[in-house]
Structures are given as structure tokens and as C-alpha cells.
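K.L.:
Here is a sequence with its predicted model. Questions after.
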Amino acid sequence: MAIVSSSRFLRRLYEINWNGSVGLVKAFSGYSHNVDGGFSEPKIITDTVPGPKSTKLLKEMGMGMATNQVQFHVDMKRSKGNYIVDVDGNVLLDIFTQISSLPLGYNHDAIREALKKEDNLSALITRPALGVHPTDDYFKWVESSLLSVKPGLNSVMTMMCGTCANENAYKVAMMEYIWCVQ
């Protein structure tokens, strides 16, 4: 998890400038911006991160799963905008927002409203394989979203994830290069 508030970062911050919870808050004291009723600054309420609740959950999880990569447990319901809240109530600035999978931040109001719409529910519940079995309204959805903002392109190709998109962009670039060289 590439988060400003990762354990390694916090441990290093602890070594450099830790005075209770003041060290982390001071590190971001110049940043104060409230978006969508969210948080305006980091706030550490436990002596350590991960805190006691997260540490307990980590031990429980370790009974049946590998946990080397786990930094802390998250309270997704309370996380908002660019701030992630752990299960202990610590508010941390997350500059990578789940490895850039949340471009609008946590619990964005417009996304929450879109997810409530009946038209979106079946796709969210069943997660169809759109490349093989597109729904009857799939092209209309693509046309009103992706095709409406394409910069000088005459078509788009959707991918499963960012990695797939990057991988296929390289493939297309190489195929275009080979086509031009021949």
C-alpha cells in the first residue's frame, strides 16, 4: 500500500521528529483543505500507528493469512477525500489514494450517488465480462462517458485495470511502431 502514512514512513518520522502525535501533524501542518465535508488535516490520536485496534486485527488476520504487507486496518466508512482513517480513528493524508484507484478520493458524494442508481446496481452486483457479454446499454454508457471526452480518438478500448491498460498501451505503441517501420 503506497500511502504517505505507511508504517515505514511513520517509523522514520518517529525517529526524526516524534513528540507524541505532534510530529506527524507538524509534518503536514502547512496543508489544510476541507473537501466535501471531509477532514482538513491529519490527526493522530494513538501513540503509534498502527494503533491497538489495528494491531489486534493484524494478529487475528495473521492466524490464517499472510500479513507482511498490511500497514494498518482502514475504516472505509469514515475515510473522506484524500484522508484515510484507520480503525483506531487516526486521520492520515493519503496522497496515493489506494494506489491511484480513487481519483476523486474516498467516499466522494457524486460517486456515492451514482452507485445508488438502479441502472448501475446490476453491473455492480454481477460485474459482467463486458468484452464477451456486453449489456444492451453498454455502448450508450461508453458513448456518454469515455467517448464524450476522448482527445482526438475515434474509438476507445476498456481494460480490466490500470496494469492491463498500461500493458496494452505498450503493445499498441509497439505494433504501431512496427507498422511504421515496415
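P.N.:
Ah, there it is. Residues are numbered from 1 along each chain as shown.
K.L.:
going forward, measure contacts between C-alpha atoms and count neighbours the same way
P.N.:
OK.
K.L.:
ok, now which ones touch P103?
P.N.:
Listed by C-alpha atoms under 8 Å, 6 or more residues apart in numbering, the contact set of P103 reads T97.
K.L.:
Can we start the residue count at 33 from this point?
P.N.:
Taking 33 as the first residue, the last one we looked at is P135.
K.L.:
For N100, list the residues it contacts.
P.N.:
N100 touches nothing, counting by C-alpha under 8 Å, 6+ apart.
K.L.:
Tell me which helix or strand the closest residue in space to L147 that isn't next to it in sequence sits in.
P.N.:
Leaving out its chain neighbours, the residue that sits closest to L147 by C-alpha to C-alpha, 6 or more residues apart in numbering is L153, at 6.8 Å. Taking DSSP states H and E as the definition, L153 sits inside helix 150-158.
K.L.:
what's the average pLDDT for that helix?
P.N.:
The average pLDDT for helix 150-158 rounds to 77.
K.L.:
ranges for the helices of this structure?
P.N.:
Along the chain, counting by DSSP state H, helices occupy 39-49, 54-59, 84-94, 129-132, 141-148, 150-158, 170-176, 194-213.
K.L.:
do you know which of those helices lies nearest E73?
P.N.:
helix 54-59 (7.7 Å; C-alpha to C-alpha).
K.L.:
if we can go back for a sec, return the most buried member of the helices of the chain.
P.N.:
Among the helices of the chain, helix 54-59 has the highest mean neighbour count (mean count of other C-alpha atoms under 10 Å), at a mean of 17.
K.L.:
related to what we said a few turns ago, now tabulate the helices of the chain in JSON lines and tack on distance to G184.
P.N.:
Shown next, in JSON lines, are the helices of the chain (distance: least, C-alpha to C-alpha, whole Å):
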{"stretch": "helix 39-49", "distance to G184": "42"}
{"stretch": "helix 54-59", "distance to G184": "43"}
{"stretch": "helix 84-94", "distance to G184": "48"}
{"stretch": "helix 129-132", "distance to G184": "25"}
{"stretch": "helix 141-148", "distance to G184": "27"}
{"stretch": "helix 150-158", "distance to G184": "28"}
{"stretch": "helix 170-176", "distance to G184": "14"}
{"stretch": "helix 194-213", "distance to G184": "16"}
